[in-house]
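Novice: Could you look at this predicted model? Sequence included:
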Amino acid sequence: MKSYKKELYFNTKKRYDLVHITPEVNRALKESGIKEGLCLVNAMHITASVFINDNEPGLHKDYLEWLEKLAPYSRHGYKHNVGEDNGDAHLKRQIMGREVVIAITEGKLDLGPWEEVFYGEFDGQRRKRVMIKIIGE
Amino acid sequence: MKSYKKELYFNTKKRYDLVHITPEVNRALKESGIKEGLCLVNAMHITASVFINDNEPGLHKDYLEWLEKLAPYSRHGYKHNVGEDNGDAHLKRQIMGREVVIAITEGKLDLGPWEEVFYGEFDGQRRKRVMIKIIGE
Amino acid sequence: MKSYKKELYFNTKKRYDLVHITPEVNRALKESGIKEGLCLVNAMHITASVFINDNEPGLHKDYLEWLEKLAPYSRHGYKHNVGEDNGDAHLKRQIMGREVVIAITEGKLDLGPWEEVFYGEFDGQRRKRVMIKIIGE
């Protein structure tokens, strides 16, 4: 069994942002040399997500507006916000998820026709990390 | 390390539907011959889910009603809906999740007493796919 | 490839509770002897979650209040509640997720600086289980 690890770094200009990372995950897979296995991609921070959906800007606006409805920003409205104001980001990240696991088949990410991998940032403007871990043969 | 891949196909009669697929996942596991490992089951489309919960029709109605409240269908209400009307399905799928990872122990899906695997369709009436990828020994 | 399985047991005093389980997952990893691989941690019950977030009591209160807003308890309001009253727990668990998959690198859980693993109980006061399954080398 082989394993390969790579970290990606982000420092988004906006507090809330969705960043397309399929090319980076593909690059890590090529570096790994793994042909059959599983690829885990996860946020290493608890106010961020990794998720799979459509690379379509209208949808991304829908996601951010919808998350703001389900888990609105509030300076003083969360018990978590003692000295912080990112309570909403911890909730938003649970909706969008921490991680994805992707099948690797014949040396490729085995994704459906419209599946693309994204980093979801809900408390940005600081340096944050994503883990890629690939195991297989 | 062994690996095994199988795809399932769906074309639901209803736009929104939840389909029990534990038997198909069990069948794939038997075909794989794998006794210890991990089994990934994921939707390959971004308006659908794979999730684990109870095989109980009342609960399934609750899920669909609840998702409609959290992420209602709207013909023109989403920015994604230019030429499409499935914006809600992309949101619903994030609540229910894209994938599950199931432990394989002694040749069986290592599920709890009430755990069953489902395909969640939120934009059906067309041909769609689910991936099963099993790795182990 | 090596694999290791361990189950954790819970019987929370409260109906709704979030329990820190990183130490138990670390212990299982040491017992496994696995240095590189993947670690699956999942609830084996369909009214409970395993998730990763911050070990901060204010945030945990925020989570439980927020989940109650998105999926409120109701004795008779869910179709699932024929002879049961835990319909809300099945919904809450979908928001928080069933499982996490954690990278293992150099014999350690490869977690970000604030990532901690939790068991989320939404229908407690009874005996329930969590699965830890580790594969790798």
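Specialist: Received, thanks.
Novice: Let me see the contact set for A:R127.
Specialist: By C-beta atoms under 8 Å, 6 or more residues apart in numbering or on different chains, the residues touching A:R127 are A:Y9, A:F10, A:N11. Every C-beta, even on glycine, is put in place using the N, C-alpha and C of the backbone.
Novice: Check A:M131 too.
Specialist: Each residue near A:M131 by C-beta under 8 Å, 6+ apart is listed here: A:K5, A:K6, A:E7, A:L40, A:V41, A:N42, A:M44, C:A103, C:D110, C:G112.
Novice: Same question for the closest residue to A:Y73 other than its chain neighbours, what's its three-state structure.
Specialist: Once flanking residues are discounted, A:Y73 sits nearest to A:D88: 4.6 Å by C-beta to C-beta, 6 or more residues apart in numbering or on different chains. Assigned with DSSP: H, G, I helix; E, B strand; the rest coil, A:D88 falls in the helix class.
Novice: cool, A:N26 as well?
Specialist: helix.
Novice: hang on, the earlier thing: buried only: go through the contacts of A:R127 for me.
Specialist: Using 16 or more other C-beta atoms under 10 Å in any protein chain shown as the burial test, the contacts of A:R127 include A:F10 as buried.
Novice: Of the contacts of A:R127, just say which sits nearest to A:A71.
Specialist: Closest to A:A71 out of those is A:F10 (20.7 Å), distances taken as C-beta to C-beta.
Novice: re the thing from before, does the residue nearest to A:Y73 touch A:H80 like I think?
Specialist: No. At 9.2 Å, A:D88 does not count as touching A:H80 under the criterion of C-beta atoms under 8 Å.
Novice: give me the residue from chain A nearest chain B.
Specialist: As assessed by C-beta to the nearest C-beta, chain B sits closest to A:G112 within chain A, at 3.0 Å.
Novice: Would you mind measuring from the residue nearest to that residue when sequence neighbours are not counted to chain C?
Specialist: Among residues not flanking A:G112 along the chain, B:M44 sits closest, at 3.0 Å (C-beta to C-beta, 6+ apart). Counting by C-beta to the nearest C-beta, to the nearest Å, the separation of B:M44 from chain C is 19 Å.
Novice: before we move on, what about A:T12?
Specialist: Going from A:T12 to chain C by C-beta to the nearest C-beta gives 16 Å.
Novice: In three-state terms, label A:E31 for me.
Specialist: helix.
Novice: got it, and A:H80?
Specialist: State at A:H80, reduced to three classes by three-state DSSP: coil.
Novice: Isn't it up against C:E56?
Specialist: Yes. Between A:H80 and C:E56 there is a contact under C-beta under 8 Å: 6.2 Å.
Novice: Those two: who's more crowded?
Specialist: Legend: neighbour count by other C-beta atoms under 10 Å in any protein chain shown for A:H80 and C:E56, higher for A:H80 (23 against 17).
Novice: show me what contacts the more buried one?
Specialist: A:H80 touches A:N86, A:G87, A:H90, C:D54, C:E56, C:G58, C:L59, C:D62, counting by C-beta under 8 Å, 6+ apart.
Novice: Next up, phi/psi of it, please.
Specialist: Phi and psi for A:H80, reported as degrees, to the nearest 10, are phi -70, psi -20.
Novice: for the one 4 residues further on, same thing?
Specialist: As for A:E84, its main-chain torsions (degrees, to the nearest 10) stand at phi -140, psi 170.
Novice: where's it relative to C:D62, distance?
Specialist: To C:D62, A:E84 is 12 Å away according to C-beta to C-beta, to the nearest Å.
Novice: which one of the two has more residues nearby?
Specialist: Taking neighbours as other C-beta under 10 Å, A:E84 and C:D62 compare with C:D62 leading, 22 against 16.
Novice: Show the pLDDT at the residue positioned nearest the centre of chain A.
Specialist: Chain A has A:V50 as the residue nearest its centroid, 1.8 Å off, counting by C-alpha atoms, centre = their mean. As predicted, A:V50 sits at a pLDDT of 98.
Novice: Please report how far it lies from B:D54.
Specialist: 28 Å.
Novice: before we move on, back to that, between the contacts of A:H80, which has the most around it?
Specialist: Most surrounded of those: other C-beta under 10 Å gives A:G87, at 27 neighbours.
Novice: count of residues packed around the closest residue to that residue other than its chain neighbours?
Specialist: Closest residue to A:G87 apart from its sequence neighbours, by C-beta to C-beta, 6+ apart: A:Y78 at 2.8 Å. Around A:Y78 there are 26 other residues, counting by other C-beta under 10 Å.
Novice: dump the residue contacts of A:Y78.
Specialist: When contacts are counted by C-beta under 8 Å, 6+ apart, A:Y78 touches A:G87, A:D88, C:G58, C:L59, C:D62.
Novice: again, only this time at 10 Å
Specialist: Listed by C-beta atoms under 10 Å, 6 or more residues apart in numbering or on different chains, the contact partners of A:Y78 are A:71-72, A:84-91, C:58-59, C:61-63, C:65-66.
Novice: next one: A:G33
Specialist: By C-beta under 10 Å, 6+ apart, A:G33 lies in contact with A:K2, A:Y4, A:G107, A:I134, A:G136, A:E137.
Novice: check those residues against chain B, which are close?
Specialist: Residues of these in contact with chain B (C-beta under 10 Å from any C-beta of the partner chain): A:K2, A:G136, A:E137.
Novice: Buried ones among these?
Specialist: Applying a neighbour-count criterion of 16+ other C-beta under 10 Å, the buried members of the ones next to chain B among the contacts of A:G33 are A:G136.
Novice: Also near chain C: which of the ones next to chain B among the contacts of A:G33, exactly?
Specialist: On the criterion C-beta under 10 Å from any C-beta, A:K2, A:E137 are the entries of these that sit beside chain C.
Novice: Which members of the ones next to chain B among the contacts of A:G33 occur in strands, if any?
Specialist: If you go by DSSP state E, the ones next to chain B among the contacts of A:G33 have A:K2, A:G136 in strands.
Novice: Pick out whichever of the ones next to chain B among the contacts of A:G33 sits closest to C:M96.
Specialist: The shortest approach to C:M96 among the ones next to chain B among the contacts of A:G33 belongs to A:G136, at 29.2 Å (C-beta to C-beta).
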